[in-house]
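Visitor: Sequence below, structure please.
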Amino acid sequence: MQYKKITLEELGVSIELSMFAPEGKVAEWHAMLRIEPRGDFFLGQYRRLCQAEALLAETEEMSGAKPVFKRYFLSDATNQQPLMEQDDTCTVSYIQQPPLDGSKLALWIYLQRGTDIQPAADRLRSTVVRHNGYQHIWTMGMTTGNGTSYVQTQTLLEDYEQLLADYSATLEDNCIRTWFFVRDVDTQYQGLVVARWENFAMHGLTPETHYIASTGIGGNPSDPKALIQLGSYALTGFKPEQQRYLYAATHLNRTSEYGVTFERGTLLRFGDRDHAFISGTASINNRGEVMHTGDIEKQTHRMWENVEALLQEGGMTMDNAAQLIVYLRDGADYEAVSRMFRQKYPAVPTVFTLAPVCRPAWLIEMECIAIQPAENDGFNDF
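Guide: You can find the predicted model right below:
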């Protein structure tokens, strides 16, 4: 993995960039764009961010790169999202998870070069990427404004399953990764948990089969009536043996043991590379117990240990990490935690947001995507 930091001093924007670009192969980038607060209002910061994104696209190393998805982290999604221009370049999510550097927004972009990228490919405005017989379906920002968190989760999953059917795909066979953002997670999360469990059971997803890598975290959709926002990644055209689940049983237990339904991580193997999707991971042990209650530094160290154990099971290390998202329950912990991350993972593109974890005792959670070169005979290249 190659890392680079671009500082646009005139705009007050920093861009942390990871690049995986084997010669003659598909290239992948993850970019985290962060704004220096300069006392301007939201539109001023948003315009600076857009200018920085345009300048990034014009650099020689990004020639031919196209966005696959974008996620905007906003400080006030209900008021800010309507002020933003419609983005037709790829699937986009807007979520109220305030950046903890004092700015009003931050942006995560995933880009590729060398594939056929089709934005707004269907009624949910998915981005569909086709290459070497694979079809990657990225669908972000799904919401509904009707019902309880239980009902909204049911509705979103059923709607998404209908969309997958249009691609001759199913939730159980083709969905690789999900993100569930929950308004007022301390009270609304249980509705998500029950609805997802029931839906998965109907599709044959049980503790004896498998679940799906996921993050379930606090976050407000821009629609004030929406309690749940769903994002997902699905893949068609791959062989079942190209996918395997990561457990790190020495450090973590199966999530079903404490009543939830997601996998700790998923490894996808392609002919020329491996992708690891690490779910939202906190300070937990292999009995499902919260570790180091009330101690943000010790929780951070245990969280790192858990994520590194998952990556190790997939044959990777944090040197393969393409991006990190760090969720904090208490913004007052930001200075200490960001300093710890900069010391340990100084080059990896990272964003820190205010987003309560699904158990109140968890003070911090993180997720990541990692990529490493590989020679997996019998599988098509990415």
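Visitor: Residue 130 touches residue 112, doesn't it?
Guide: No. With contact defined as Cβ atoms under 8 Å, residue 130 does not count as touching residue 112 (11.1 Å). For every residue, glycine as well, the C-beta is placed using N, CA and C.
Visitor: higher neighbour count, those two?
Guide: Taking other Cβ atoms under 10 Å, residue 130 and residue 112 do not tie; residue 112 has more neighbours (22 against 16).
Visitor: how close does that one get to residue 72?
Guide: Applying Cβ to Cβ, to the nearest Å, the value for residue 112 to residue 72 is 20 Å.
Visitor: Enumerate every residue touching residue 68.
Guide: Each residue near residue 68 by Cβ atoms under 8 Å, 6 or more residues apart in numbering is listed here: 90-91, 110-112, 117, 127, 129, 136, 138.
Visitor: hmm, I was thinking of residue 330
Guide: By Cβ under 8 Å, 6+ apart, the neighbours of residue 330 are 296, 363.
Visitor: Then residue 329?
Guide: 354-357, 360, 362-364.
Visitor: domain parsing for the protein?
Guide: 1-69+96-111, 267-382 (automatic domain parsing).
Visitor: okay, these in CSV with distance to residue 238 and mean pLDDT next?
Guide: Converted to CSV, these look like this (distance: least, Cβ to Cβ, whole Å; pLDDT from 0 to 100):
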stretch, distance to residue 238, mean pLDDT
domain 1-69+96-111, 15, 97
domain 267-382, 7, 97
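Visitor: In its sheet, which strands sit next to the one helix or strand residue 230 maps to, and in what direction?
Guide: In this structure, residue 230 sits in strand 228-236 according to DSSP states H and E. Strand pairing for strand 228-236, using DSSP bridges, gives strand 134-143 (antiparallel), strand 175-182 (antiparallel).
Visitor: Just name the most buried of those strands.
Guide: Stretch with highest mean neighbour count among the strands paired with strand 228-236: strand 175-182 (a mean of 25; mean count of other Cβ atoms under 10 Å).
Visitor: just checking, next helix/strand downstream of that one?
Guide: The C-terminal neighbour of strand 175-182 among helices and strands, as given by DSSP H and E, is helix 185-202.
Visitor: So which bits of that next one are buried?
Guide: For helix 185-202, a neighbour-count test (16 or more other Cβ atoms under 10 Å) marks 185, 188-189, 191-193, 195-197, 199-200 as buried.
Visitor: average pLDDT across the helix or strand that it is followed by?
Guide: With elements assigned by DSSP H and E, the helix or strand that comes after helix 185-202 is strand 213-218. The predicted model gives strand 213-218 an average pLDDT of 98.
Visitor: Summarise which helices and strands strand 213-218 is packed against.
Guide: Here strand 213-218 touches strand 175-182, helix 185-202, strand 273-281, strand 364-373, going by 3 or more Cβ pairs under 8 Å, 6 or more residues apart in numbering; DSSP states H and E.
Visitor: Quick one: distance of the helix or strand just after it to the chain centre.
Guide: Once strand 213-218 ends, the next helix or strand along the chain (criterion: DSSP H and E) is strand 220-221. Put simply, strand 220-221 sits 15 Å off its chain's centre (Cα atoms, centre = their mean, to the nearest Å).
Visitor: in the stretch 251-382 of the chain, which spans are strands?
Guide: Applying DSSP state E, counting those that start in this stretch to the stretch 251-382 of the chain gives strands spanning 265-269, 273-281, 321-328, 350-354, 364-373.
Visitor: gap between residue 197 and residue 318?
Guide: Distance, residue 197 to residue 318, by Cβ to Cβ: 32 Å.
Visitor: whoops, residue 288 was the one
Guide: Between residue 288 and residue 318 the computed distance is 24 Å (Cβ to Cβ).
Visitor: same thing with residue 248?
Guide: 14 Å.
Visitor: So between these two, which is more surrounded?
Guide: More crowded of residue 248 and residue 318, by other Cβ under 10 Å: residue 248, with 22 against 17.
Visitor: My guess is that one contacts residue 309. True?
Guide: Yes. Residue 248 is in contact with residue 309 according to Cβ under 8 Å; the separation is 3.9 Å.
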